[in-house]
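In: I need the structure of the sequence given here:
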Amino acid sequence: ALGETPEGREAALKAAEILAGYKEAHKDAIKRARKIIDRWPRSIQAVTAARLWVQLLSDRLPSSSSDAAQVSSGALDDLRDAMKELRENAALLAADQELGKGKLKAQLGDQEFRLKIVSIAVHEKDKDHGAAAQGYEAFAKDATQRELAEKAYASALANYLKASDEEGRERVAAAWLQRYPRSPKAIESLRLVATQELIQGHFEKAARLFEKLGGEGGDADSLETAARIHEGIGDQARAIAAWRRYLATYKTAHVPAIRLQLARALDLSQQDSEAAKAYRDCMSVPELAAECGARLADLHLRARNAAEAKALFKKVGASAGAAARSPWVAYSRYMLASFQEQEARFAPLELPEAQLKKAMNQRLAFLEQLSRAYGSAVEAGGPWAIAALDRLAGWVMGFAEEVERIAAPPGAAPAAVAQFRKTLAGVSGPLRKKAVQTWQEAYTKCIAAEAMSPALPEIADRLADSGIAGVGRAQGVHGLYRLAGVPADGGPEGSSAALEKTRAKLVKNPQDSVAWLDYGNLLWGQGKPLLSSLAYDRAEALNRRSPAAINNRAVVELSLAKGTSEDWLVAATASERFRGASKLDEFFLPAKFNRASLLNYYRLFPKAKPLWEQVLAKGAGADAQDGMAIALQGTGDLRRAEAAFQRASELGSPDSRFAAVYHEAARLAATSPAQCLSRIEDGDSATLTGFEKNAFERLKRACTSWNMQGKTTTQP
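Out: Numbers count the residues shown, from 1 in each chain. Here you go, the predicted structure:
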């Protein structure tokens with residue numbers, strides 16, 4: 001009634017304020033407030049009315065985001081619309097600035113912030129993760145406080161992950177790292193997202209995120225993880241690029257290992273020039289110099305560059321002091337001696353006597369030189385010391401056989417021929433004895449040092465054929481190893497169900513060491529050994545005292561060497577892991593079983609037998625019975641070995657298995673080569689690999705030869 005007067009405007013405002021005090025009259029209060037704004041937009045009363053309007057609508061929202069379930073979409077829309085209308089009223093905003101000291105503007109800013117938070121909470125409540133992620137992303141962009149912005153970025157990433165929005169994740173990751181380079185919170189959140197991708201089986205996405213973390217985030221471990229994932233999915237080019245980026249960016253304790261990894265990856269990719277550069281680079285690292293030098297020499301040898309290979313082997317072989325204890329030094333010396341052996345040329349062993357004496361003296365002089373050359377490898381110790389003794393004994397045995405093939409004088413009388421043969425036997429006999437003694441020395445050294453030497457299987461066969469007590473003809477089975485945790489094929493519930501269940505556990509708790517172990521098993525079962533190795537590393541990192549993780553990692557390392565199980569370095573590393581797992585838990589059977597299997601495979605039967613006894617004390621599985629039987633036959637206890645093989649068959653192992661066919665044939669060889677041949681024909685060498693195949697073929701050749709000679713027993 002008072003109209004365009006201060007008193008009139010004040011009375012209208014008081015009426016609106018009184019109505020605002022009663023919940024049922026809020027609509028009328030808002031109506032009166034809007035009328036004041038419309039009639040007198042440049043007045044202080046209009047500014048106060050606008051603030052009242054915003055407050056009334058704001059009161060409909062919950063006090064915290066945790067109460068988002070109570071919010072209606074209408075309440076959000078009403079507040080959003082009111083704020084939009086007020087922001088578009090230029091006269092009102094001018095009055096606020098001039099008369100209201102900017103209080104309306106500040107209120108609108110506060111409510112805008114609150115509106116964003118509540119809107120995001122509503123989206124999360126409705127499981128609209130894409131909308132929630134967009135809300136967090138927008139909030140982070142506008143936030144001026146670092147703490148709030150980084151929290152919003154983290155929430156945006158988490159929701160984009162749930163929404164399976166790869167583009168959104170990468171956009172937020174890039175924005176976060178650009179705004180706050182090397183932020184610990186960014187690294188932690190992005191690593192979590194990348195880990196979730198790894199868990200879900202999105203390996204390429206995980207690798208890209210880890211690579212971004214390693215490159216732009218400054219996290220060295222993440223870049224190494226990215227390289228391993230790339231390698232695990234077969235993208236060797238990107239793995240190599242990641243390792244190169246690591247070496248160009250970081251100076252961590254892992255640099256030497258990464259240098260070697262890069263060199264080997266380039267080598268396996270047949271990028272010979274780049275591999276050679278990488279090997280030379282890692283030769284500058286003292287602890288890797290011998291290995292990288294020897295591997296570079298092998299690379300040149302494959303390229304038929306013998307001169308450069310020899311020069312490198314000489315450089316490595318000349319190592320002294322602590323460096324000389326590296327098995328790669330022994331390997332290099334072994335290779336140099338083998339070159340010397342292969343390049344030797346002699347006059348033929350034949351009459352007349354002057355010619356024969358000259359040829360004999362040549363060989364004896366060379367034997368002295370060769371003994372020194374292979375002896376230097378023996379001094380360095382390790383698997384290649386055993387191989388050196390084997391090659392030396394083999395040369396001596398070949399010398400003896402060459403002497404025995406010398407033709408008698410033409411036209412000589414039978415008595416003269418017999419005397420001639422006796423004279424030759426006086427030379428070849430000591431040579432043969434020396435060869436067998438050298439093999440015995442190699443065998444004894446190998447057992448004592450528990451050296452995983454690729455030469456031992458053939459050495460053991462030679463000793464068994466020579467009738468050496470305590471050494472029987474036997475061969476451990478390839479690939480007979482046990483994983484701890486869920487079966488690789490998922491067990492009764494199947495691979496898919498087990499994988500889904502395990503992933504759910506890891507999504508809920510990425511710090512679950514046992515779940516990572518099971519995930520590794522299932523990845524291994526899917527033919528992804530490099531990725532399973534990464535999972536086992538996670539399990540071990542979360543629980544340093546997990547014998548299962550240590551055991552399983554060793555099994556994977558051996559599986560990666562499938563077809564090349566004679567890789568002494570892989571075998572030695574795996575053996576130490578099995579030993580380490582057993583130290584953590586003296587009753588952890590998988591590690592005992594696996595180590596015993598590996599020792600059997602490398603014919604270290606005296607070391608394997610006590611482990612099989614411990615395994616069998618806890619159960620009489622068919623595989624364990626076979627393992628024990630092989631160890632018994634390998635140590636010459638044929639009677640007990642035959643009984644153990646029989647028990648394995650009774651427990652369900654097929655009679656056509658390698659262990660049964662080969663070892664029965666080997667036992668028959670001693671009394672009936674013909675029966676040996678008959679039994680060995682039951683096997684299929686085409687399905688065998690590694691030492692199994694070599695042992696099978698050696699036995700078949702031996703029995704064929706003995707059968708043709710009409711032997712009924714093998715002779716020392």
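In: Retrieve the pLDDT associated with residue 67.
Out: You'll see residue 67 listed with a pLDDT of 54.
In: Mind checking which residue lies nearest the centre of the chain?
Out: residue 533 (3.0 Å; CA atoms, centre = their mean).
In: burial of the residue nearest to residue 648 when sequence neighbours are not counted, as a residue count?
Out: Nearest non-adjacent residue to residue 648, counting by CB to CB, 6 or more residues apart in numbering: residue 625, 3.8 Å away. C-beta: built from backbone N, CA, C; applies to glycine. By other CB atoms under 10 Å, the residues close to residue 625 number 24.
In: So which elements touch the strand or helix carrying residue 625?
Out: Secondary structure assignment for residue 625, by DSSP states H and E: helix 622-634. On a contact count with 3 or more CB pairs under 8 Å, 6 or more residues apart in numbering; DSSP states H and E, helix 622-634 meets helix 589-601, helix 605-616, helix 638-650, helix 658-669.
In: Would you mind identifying the next helix or strand past the last one?
Out: Read it as helix 658-669. helix 673-680.
In: who does the helix or strand of the chain with the lowest mean pLDDT touch, helix- and strand-wise?
Out: Least confident helix or strand of the chain, by mean pLDDT, DSSP states H and E, is helix 103-125 with a mean of 82. Helix 103-125 sits against helix 44-58, helix 73-87, helix 90-98, helix 129-142, with contacts defined as 3+ CB pairs under 8 Å, 6+ apart.
In: now, of the ones you listed, which is deepest in the fold?
Out: helix 44-58 (a mean of 22; mean count of other CB atoms under 10 Å).
In: Show me what that one packs onto, helices and strands only.
Out: helix 6-20, helix 26-39, helix 73-87, helix 90-98, helix 103-125.
In: Low-confidence bits of the protein, can you list those?
Out: 63-73, 562-566, 711-716 (pLDDT under 70).
In: can you pull out the strands in it?
Out: Counting by DSSP state E, the chain has no strands at all.
In: biggest helix in it, by residue count?
Out: As assigned by DSSP state H, the longest helix anywhere in the chain is helix 414-449.
In: Next, the buried residues of it.
Out: 420, 424, 427-428, 431-432, 434-436, 438-443, 445-447 (16 or more other CB atoms under 10 Å).
In: ditto for stretch 486-498
Out: Within stretch 486-498, the residues scored as buried using 16+ other CB under 10 Å are 486, 488, 490, 495, 498.
In: now, among those, which is nearest to residue 62?
Out: Nearest to residue 62, judged by CB to CB, of these is residue 498 at 41.9 Å.
In: nearest residue to the closest one other than its sequence neighbours?
Out: residue 490 (3.5 Å).
In: my guess is the one you found contacts residue 502, does it?
Out: No: Residue 490 is beyond contact range of residue 502, at 9.2 Å (criterion: CB atoms under 8 Å).
In: list residues touching both of those two?
Out: residue 522 (CB atoms under 8 Å, 6 or more residues apart in numbering).
In: I'd say the residue nearest to residue 648 and residue 644 touch.
Out: Yes: at 5.2 Å, residue 625 counts as touching residue 644 under the criterion of CB under 8 Å.
In: close enough to count as contact, residue 677 and residue 702?
Out: No: contact between residue 677 and residue 702 fails when scored by CB under 8 Å: they sit 10.0 Å apart.
In: before we move on, back to that, state the distance from the closest residue to the residue nearest to the centre of the chain other than its chain neighbours to residue 594.
Out: Nearest residue to residue 533 in three dimensions, chain neighbours excluded: residue 556, at 4.8 Å (CB to CB, 6+ apart). To residue 594, residue 556 is 11 Å away according to CB to CB, to the nearest Å.
In: Show me the helices in the stretch 301-450 of the chain, by range?
Out: With DSSP state H, counting those that start in this stretch as the criterion, the stretch 301-450 of the chain has helices at 306-317, 327-343, 353-380, 383-404, 414-449.
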